[in-house]
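Visitor: Provide a 3D model corresponding to the input given below.
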Amino acid sequence: MQTPALVARDVPTLIAIAIVAYALSNFAHEGLGHGGACLLVHCSPHLVSSMQFDGDTTLVSSAERRFIAAGGTIVNLIVAAVAFAFWKRTRSGSGWFFLWLLTTISLMQATGYLLFSGLGDVGDWAVVIRDWKGSFAWHAALAVIGGATYWLATRWAMQRLGSRLQAQNSIERTRAAYRYTLIAYFAGGALYLIAGSFDPAGIVILFISGVAASFGGTSGLAWGPQLLRDPELVDRTEAALQLQRDWRWIWLGIACAVVYVGVLGPGVRF
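Guide: You can find the predicted model right below:
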């Protein structure tokens, strides 16, 4: 017998929602985050693409350069907070899932970047702590804080999704969650990789930024549902998630994909 958890999950609509959420989170990081910080400290933007932001920082101080580097993460956290505020007031299936996914992706990319820079000494937060005394300690702190907050973000996301999947047991709930998270994960990853393949910086930026931000940064969507095997994680059950065919989301997803790949892929120069 089919359970409510496996009913009304329209794949094209889910993919479209994922494309919109991933595109918004990434543009928030590169364009609004790094780009906005650049404008605030009066540096001149040169390029914003799906994978990077580049500006003329020759006339800004080292502290302002660090602020620009941290801007992407800061805006991701702001987007997560705003999406979360609207999510708490939303009950409709597609709106609920979009805001849940946007909150989740934004939190994962923000906290994952701390872990990524702490362990690999590359990326935004490696720039922030560059030349600080006690380099090893700062990298260790980034890795620990990033790892802990990423775990908490993933746990929160799976707990909230699990509460909308009315399954008979925790194993069934885990399988049902994967039917949502894996499709979103691979749709968003494919979007980043396709757009990143047009980036003027070439293959290097594709792996450093594109693969890291998508398949790495949001990997919690791939392994997170395993947390739902713990029957105590979901302490209450809400109305079943109903994600039905919605052409408004599908057309919006197509439009976002075209703009993201066709415009932000090769980048906008100033």
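Visitor: so what's the gap between stretch 60-69 and the chain middle?
Guide: 24 Å (C-alpha atoms, centre = their mean, to the nearest Å).
Visitor: which parts of it are buried?
Guide: Neighbour-count burial for stretch 60-69, counted by 16 or more other C-beta atoms under 10 Å, picks out V60, E64, R65, R66, F67, I68, A69. Yep, even glycine has a C-beta here, placed from its N, CA and C like the rest.
Visitor: which SSE is the second one in?
Guide: Counting by DSSP states H and E, the secondary-structure element that holds E64 is helix 62-87.
Visitor: show me what that helix packs onto, helices and strands only.
Guide: Under the contact criterion of 3 or more C-beta pairs under 8 Å, 6 or more residues apart in numbering; DSSP states H and E, helix 62-87 touches helix 11-27, helix 36-40, helix 93-120, helix 124-128.
Visitor: can you redo these as CSV with mean neighbour count, distance to A140 and mean pLDDT?
Guide: Converted to CSV, the helices and strands packed on helix 62-87 look like this (neighbours: other C-beta atoms under 10 Å; distance: least, C-beta to C-beta, whole Å; pLDDT from 0 to 100):
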stretch, mean neighbour count, distance to A140, mean pLDDT
helix 11-27, 23, 27, 97
helix 36-40, 18, 26, 96
helix 93-120, 24, 7, 95
helix 124-128, 20, 13, 92
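Visitor: G216: which of the ones you listed is closest?
Guide: Smallest distance to G216 across the helices and strands packed on helix 62-87 (C-beta to C-beta): 6.8 Å, for helix 93-120.
Visitor: run the angle between the closest one and helix 62-87 for me.
Guide: 150 degrees (axes from the mean of the first three to the mean of the last three C-alpha atoms, to 10 degrees).
Visitor: can you check what angle separates helix 93-120 from helix 11-27?
Guide: Using the same axes, to 10 degrees, helix 93-120 lies at 40 degrees relative to helix 11-27.
Visitor: chain center to the helix holding E64: distance?
Guide: Centroid separation for helix 62-87 versus its chain: 12 Å, with C-alpha atoms, centre = their mean.
Visitor: repeat for stretch 96-104
Guide: The answer for stretch 96-104 is 10 Å, by C-alpha atoms, centre = their mean.
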